[in-house]
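A.B. asks: let's see this in three dimensions:
(one chain, ligands or ions: 1)
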Amino acid sequence: MEKKKRILTGDRTTGKLHLGHYVGSLSNRVRLQDEYDSFILLADIQALTTHFENPDLIRGSIYDVAIDNLSVGLDPEKITLVQQSQITAIAELTEIYSLLVTVNTLRHNPTIKSEAAAYGYNDLTIGFLGYPVSQTADITFCGAHLVPVGEDQRPHLELARKIVRRFNDLYGETLTEPEILLSDCPRLAGLDGNAKMGKSLGNAIYLSDDAATVEQKVRSAVTDPGRITAKDPGNPDICVVNRYHGVFNKAEHEEICASCRAGTIGCVACKKRLAAALNGMLDPIRERRAYYENHLDEVRQIIQAGSDKANREGNETMRRVKDAMRLSL
Ligand code: TRP
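C.D. replies: Okay, the predicted model is just below:
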């Protein structure tokens, strides 16, 4: 049998994952878990680049993010869950790749720039400025072919490809050049109308929210501001609730659009149907979450077994990297 190609992707462990993560990356992971040998990284070191003052948050989030991944339907028998801080090859490769990347290249990285602005940083730590280099180590320590991520990660993937090519040019073909796999769903807007759903924006629906919380969050969503009474014809094209129907309630979307335009469905009823669709999707996720939350020791063992396997892969990669760089005795 031909060996499966490998995926590596992951999440910073800075809090629970939400619907934006689900449509942007998690659903792709679930879809691809049979076809690819998938490594899912709990990026705790990367999380510390912005949250180094809050190690307790990172620690709790390692479990939260692991459980989010397992509860959306990733099968621990198929995928490998990896704790970044345990993988020595990632630290070693980060140092080696740092030789091949200039400070100016990192300064011009658009994702670094917008994140630095969002956090209000003007004087950047080496760790924060360099996290895309460390992310290249994440991707290459296990020779990943494919990296399913959201659009905001594209600059990091381009850097990774550049570093790999530079390394291979200098020291001989050693590393695998990764491909990006973008979600076919555009970035999920917040229900408050913000272009992005985000934890820090306070507009996120979490995979771990219960049904009543989802209903309440959907109820407070902004809709077509031109619509005063339920009988006014609405404009679904400018309504974020409608956009969510298009993503999470495809079966009813067309009918709801038509009813909105005709003024035969009001915003309250439309939101109720969205909440029902979301809760229908989240129910099996909640069920799996309840299991894992009651079996934290099993979660710990899954992460530990995955990290041990990843270390074996990483050590093998380091052996080849050191040979290529003439560092082996
Ligand atoms: N930077 C990614 C994010 O913010 C998380 C991440 C860390 C990652 N290492 C990775 C994604 C390696 C893909 C591959 O979502």
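A.B. asks: helix, strand, or coil at Ser200?
C.D. replies: Assigned by DSSP: H, G, I helix; E, B strand; the rest coil, the conformation of Ser200 is coil.
A.B. asks: neighbours of it, how many?
C.D. replies: 11 (other CB atoms under 10 Å). No exception for glycine: its C-beta is placed from N, CA and C like everyone else's.
A.B. asks: any idea how far it lies from Pro110?
C.D. replies: Between Ser200 and Pro110 the computed distance is 19 Å (CB to CB, to the nearest Å).
A.B. asks: for Arg261, same thing?
C.D. replies: Arg261 sits 38 Å away from Pro110, going by CB to CB.
A.B. asks: tell me the helices in the stretch 1-150 of the chain, going along the chain?
C.D. replies: Taking DSSP state H, counting those that start in this stretch to define them, one finds helices in the stretch 1-150 of the chain at 19-21, 27-32, 44-51, 55-71, 88-97, 103-107, 110-119, 126-129, 131-140.
A.B. asks: need those helices in JSON lines (columns: mean neighbour count, distance to Leu274 and mean pLDDT).
C.D. replies: Shown next, in JSON lines, are the helices of the stretch 1-150 of the chain (neighbours: other CB atoms under 10 Å; distance: least, CB to CB, whole Å; pLDDT from 0 to 100):
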{"stretch": "helix 19-21", "mean neighbour count": "23", "distance to Leu274": "12", "mean pLDDT": "93"}
{"stretch": "helix 27-32", "mean neighbour count": "18", "distance to Leu274": "18", "mean pLDDT": "94"}
{"stretch": "helix 44-51", "mean neighbour count": "22", "distance to Leu274": "31", "mean pLDDT": "97"}
{"stretch": "helix 55-71", "mean neighbour count": "20", "distance to Leu274": "21", "mean pLDDT": "97"}
{"stretch": "helix 88-97", "mean neighbour count": "20", "distance to Leu274": "40", "mean pLDDT": "98"}
{"stretch": "helix 103-107", "mean neighbour count": "13", "distance to Leu274": "41", "mean pLDDT": "97"}
{"stretch": "helix 110-119", "mean neighbour count": "14", "distance to Leu274": "28", "mean pLDDT": "95"}
{"stretch": "helix 126-129", "mean neighbour count": "16", "distance to Leu274": "37", "mean pLDDT": "97"}
{"stretch": "helix 131-140", "mean neighbour count": "26", "distance to Leu274": "35", "mean pLDDT": "98"}
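A.B. asks: so does the lengthiest helix in the chain get close to the ligand?
C.D. replies: For the chain, the longest helix by residue count, based on DSSP state H, is helix 296-324. No - on the criterion CB under 6 Å from any ligand atom, helix 296-324 is out of touch with the ligand, staying 12.5 Å away.
A.B. asks: ok, now which ones touch the nearest residue to Thr80 once chain neighbours are set aside?
C.D. replies: Excluding its sequence neighbours, the residue lying closest to Thr80 (CB to CB, 6 or more residues apart in numbering) is Gly306, at 4.3 Å. Applying CB atoms under 8 Å, 6 or more residues apart in numbering to Gly306 gives the contacts 39, 79-83.
A.B. asks: what do you get for Phe248?
C.D. replies: Phe248 sits next to 19, 274, 277-278, 281 when contact means CB under 8 Å, 6+ apart.
A.B. asks: now with 6 Å?
C.D. replies: Each residue near Phe248 by CB atoms under 6 Å, 6 or more residues apart in numbering is listed here: 277-278.
A.B. asks: the ligand contacts on the stretch 1-150 of the chain?
C.D. replies: 8-12, 41, 43, 46, 135, 138-139, 147, 149.
A.B. asks: what do you get if the cut-off is 5 Å, keeping everything else the same?
C.D. replies: Proximity of the stretch 1-150 of the chain to the ligand, by CB under 5 Å from any ligand atom, involves residues 9-10, 12, 43, 46, 135, 138, 149.
A.B. asks: roughly how far does Tyr206 sit from Arg289?
C.D. replies: According to CB to CB, Tyr206 stands 11 Å off from Arg289.
A.B. asks: need the residues touching each of the two.
C.D. replies: With contacts taken as CB under 6 Å, 6+ apart, not a single residue reaches both Tyr206 and Arg289.
A.B. asks: what strand or helix carries Glu158?
C.D. replies: Using DSSP states H and E, Glu158 maps to helix 154-171.
A.B. asks: return the distance of that helix from the chain's centre.
C.D. replies: 21 Å (CA atoms, centre = their mean, to the nearest Å).
A.B. asks: do the same with stretch 127-137
C.D. replies: 16 Å.
A.B. asks: which residue does the stretch 201-329 of the chain bring closest to the ligand?
C.D. replies: When scored by CB to the nearest ligand atom, the stretch 201-329 of the chain has Ala310 as its residue closest to the ligand, at 12.5 Å.
A.B. asks: I'd guessed that residue sits against Val82; true?
C.D. replies: Yes - counting by CB atoms under 6 Å, Ala310 touches Val82, with 4.3 Å between them.
A.B. asks: these two: who's more crowded?
C.D. replies: Neighbour totals were compared for Ala310 and Val82, and Val82 leads with 28 against 24 (other CB under 10 Å).
A.B. asks: my guess is that one meets Asp44, correct?
C.D. replies: No - counting by CB under 6 Å, Val82 stays clear of Asp44, with 10.3 Å between them.
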